[in-house]
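Colleague: model this:
(chains A and B)
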Amino acid sequence: MKLLKNWSMVSLLAAVAATSVYAPTATAHGEKSQAAFMRMRTIHWYDLKWSKEVVKVNDTVEISGKFHVFEGWPQTVDAPDSAFLNIGIPGPVFIRKESYIGGQLVPRSVRLEIGKTYDFRVVLKARRPGDWHVHTMMNVQGGGPIIGPGKWITIEGSMSEFKNPLTTLTGQTIDLENYNLENTYFWHAFWYVFGLAWMVYWCRRPVFLPRFLLVNAGRADELVSGTDRKVGMAFAAATMVIVVFAMSTANSKYPITIPLQAGTMRGMKPAAEEKSVVAVKVEDATYRVPGRAMRMKLTMTNNGDKAVRLGEFYTASVRFLNADAYKDTTGYPEDLLAEDGLEVSDNSPLAPGETRTVEVQASDAAWEVYRLADIIYDPDSRFAGLLFFFDADGKRTITQIDAPLIPSFM
Amino acid sequence: MSSLNSAVRSHAEAVSVSRTIDYIGLFVFFFVVCGSYHIHAMLTMGDWDFWSDWKDRRLWVTVTPIVLVTFPAAVQYFLWERFRQPWGATVCVLSLLFGEWINRYFNFWGWTYFPVNFVFPAILVPGAILLDTILLLSASYLFTAIIGAMAWGLIFYPGNWPIIAPLHVPVEYNGMLMSIADIQGYNYVRTGTPEYIRMVEKGTLRTFGKDVAPVSAFFSAFMSTLIYFMWHFVGRWFATVRFIKQS
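Modeller: Purely as a prediction, here's the structure:
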């Protein structure tokens, strides 16, 4: 007994220590746990902009940019025939007021075409105060959530000030935060009391033992009287009358209703993207595990009319920049940005018509932090990403790459 | 005192002990059913009952009564067969609703801030009262299975219409026609519940125009009859007194 008491006390103290001394808030959305090949070879989010980093309750934030549906979509993930532009936040701390793909409002699932690039825009309205990690996200049926870059946004104020007004086609203006709430509480409370009344009628008399003994003695019929049957009939009749009355009242109060709206939206308009003028062939690619660096040997051919330089390698939301050729000014999340993480053996301007083979190294702790190095343990160990080339005027051309990746453990 | 003597010394004391057993029994019974029926409900109807934008006129109407007639059928048998108590279905739905409201209020609203007008559970009491009163009046499991379970399935949609009708009022939302419930589902972000998971308005009931709900309700009622019949055997199994007789 003493041993039990002692261990109980130890368990209690451990539970208190575990929950009250150190109980950090869950702040991320598991994006690092998602298979690296899936993040690299499905949806590429780029040109992202978060309109604000600090907002007050009821203010809006806009996230916009582009996503490219990768040509080398892995066979192990279902094609995006039914996909939903979502947002990765911890519950409705924001509400989603609007979301668009190619200028089309997308409150429902859509069909995306592999190989196309789409403009998107999501408008969020701040609801619950706090610091929230806000991710772009594409859910793909049969593939799961494909999460994009996340950025911290602070909401200030009080949730009690939040309003979500809406005007119906019948001319009524409502606040979705509390619309229909009293009606819901009323009917639930009413029927609960009604059900309790039925039970109380029976339970005010002995419930178990005496009745069990009488049933066993073959005198079960004595336990239900004529009055009981009449009360039963009254409850049954009242139930039906109340339901009919409540339904007809609801019909007269809301004469115009529609069914829930559903169905996949097709024909999303892709963004007008210029064809890449730089052809790139990946001769080989290795990932050096101890150095957290990926090395690629690329043969690049400039088919355009202006000289270009390689400025960025993008994969799985991580951006490796060559600071000599390109600098980011968009406020992209720091943990996903390797501002000087891209080294090119010869990054002098690639002249029109010129073909050159170069060694490119993308190195940053992000390989490890974002678990991209885990690609060597994936079922489809190919890497993929986008190469951004810039001419002297800052004009950009994008080339996609997709090749096997060989790990190096030395 | 010999073990054959009564533990009580007077009729009043016996009555008092009996009532105490009643109260303890009711308390335990209520929460055991609450826990088990609630788990069963969440695993079977799940999202259909969690969100207003899943409460459609086809699958919600069909699925919910069918999967929820189970426990009432079993508990009705146990309480009627052994105690002649006709409140088996009612105690089931009251305990389920008790658990559901705790879940919706403290979890969905208190922890994750989904508005209650978006996550309320379905009303189930009218069907339960009809099941119980039909068993009381007929004293027949067969009659209760056919008529009572039929009534349970048929009354589900009209019983809930007063709370879901206001959510089916149409809205023009940035150029699209949506119901208020659709907008709730769109506005209040569910990161782990993408829109395509919604199983609403699917099926081939396209030749009844807009009058789909009654057809769904009849199908649900028919299936509820079959499920009631099956689950009353579960009640039989749990209501056995074989072990009491042996002791």
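
Colleague: rest of the way, CA atoms for contacts and neighbours
Modeller: Will do.

Colleague: could you list the low-pLDDT ranges of the chain?
Modeller: With no chain named, the answer covers chain A. A:1-4, A:15-31 (pLDDT under 70).

Colleague: I was after chain B.
Modeller: Applying pLDDT under 70 to chain B flags residues B:1-5, B:206-209, B:244-247.

Colleague: which stretches of it form strands?
Modeller: In chain B, the segments counted as strands under DSSP state E are B:170-173, B:176-179.

Colleague: and the first one, what's buried?
Modeller: Within strand B:170-173, the residues scored as buried using 16 or more other Cα atoms under 10 Å in any protein chain shown are B:170, B:171, B:173.

Colleague: stretch A:383-392 too?
Modeller: A:383, A:384, A:385, A:386, A:387, A:388, A:389, A:390, A:391.

Colleague: from the buried residues of strand B:170-173, which are also near chain A?
Modeller: Filtering the buried residues of strand B:170-173 for proximity to chain A (criterion: Cα under 8 Å from any Cα of the partner chain) leaves B:170, B:171.

Colleague: domain boundaries for chain A, per the record?
Modeller: Here the domain assignment for chain A is A:31-165, A:181-253, A:278-408, based on automatic domain parsing.

Colleague: burial of residue A:394, as a residue count?
Modeller: 12 (other Cα atoms under 10 Å in any protein chain shown).

Colleague: that one: which element?
Modeller: According to DSSP states H and E, residue A:394 maps onto no helix or strand at all.

Colleague: got a list of what residue A:83 touches?
Modeller: Each residue near residue A:83 by Cα atoms under 8 Å, 6 or more residues apart in numbering or on different chains is listed here: A:109, A:110, A:111, A:112, A:138, A:139, A:140, A:141, B:196.

Colleague: separation between it and residue A:123?
Modeller: According to Cα to Cα, to the nearest Å, residue A:83 and residue A:123 sit 19 Å apart.

Colleague: same list (the strands of chain B) but as a markdown table, adding distance to residue A:262.
Modeller: Output for those, formatted as a markdown table (distance: least, Cα to Cα, whole Å):
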| stretch | distance to residue A:262 |
| --- | --- |
| strand B:170-173 | 14 |
| strand B:176-179 | 9 |
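
Colleague: for those, which one sits closest to residue B:36?
Modeller: Proximity to residue B:36 (Cα to Cα) singles out strand B:176-179 among the strands of chain B, at 34.2 Å.

Colleague: is any part of that closest one close to chain A?
Modeller: Yes. Counting by Cα under 8 Å from any Cα, chain A is contacted by strand B:176-179 at B:177, B:178, B:179.

Colleague: scan chain B for its longest helix.
Modeller: Ordering each helix of chain B by length in residues (DSSP state H) puts helix B:11-44 first.

Colleague: how close does residue B:124 sit to residue A:195?
Modeller: Computed as Cα to Cα, the residue B:124 to residue A:195 distance reads 10 Å.

Colleague: close to chain B, is stretch A:62-69?
Modeller: No. Between stretch A:62-69 and chain B, judged by Cα under 8 Å from any Cα, nothing touches; the nearest distance is 14.5 Å.

Colleague: how about that stretch: buried residues?
Modeller: For stretch A:62-69, by 16+ other Cα under 10 Å, it's A:63, A:64, A:65, A:66, A:67, A:68, A:69.

Colleague: if you count what's nearby, which of residue B:124 and residue A:195 comes out ahead?
Modeller: The neighbour comparison of residue B:124 against residue A:195 (other Cα under 10 Å) goes to residue B:124, with 28 against 23.

Colleague: now that one: closest residue in space that isn't a chain neighbour?
Modeller: Closest residue to residue B:124 apart from its sequence neighbours, by Cα to Cα, 6 or more residues apart in numbering or on different chains: residue B:93 at 6.3 Å.

Colleague: which residues sit in contact with the one you found?
Modeller: Residue B:93 touches B:72, B:124, B:125, B:128, counting by Cα under 8 Å, 6+ apart.

Colleague: my read: the second one touches residue B:156, true?
Modeller: Looking back up the chat, that one is residue B:124. Yes. Using Cα atoms under 8 Å, residue B:124 makes contact with residue B:156 at a distance of 6.9 Å.

Colleague: mind listing the helices for chain A?
Modeller: With DSSP H as the criterion, chain A has helices at A:2-16, A:36-41, A:181-203, A:209-216, A:226-253, A:366-369.

Colleague: tell me the most buried of those helices?
Modeller: helix A:36-41 (a mean of 24; mean count of other Cα atoms under 10 Å in any protein chain shown).
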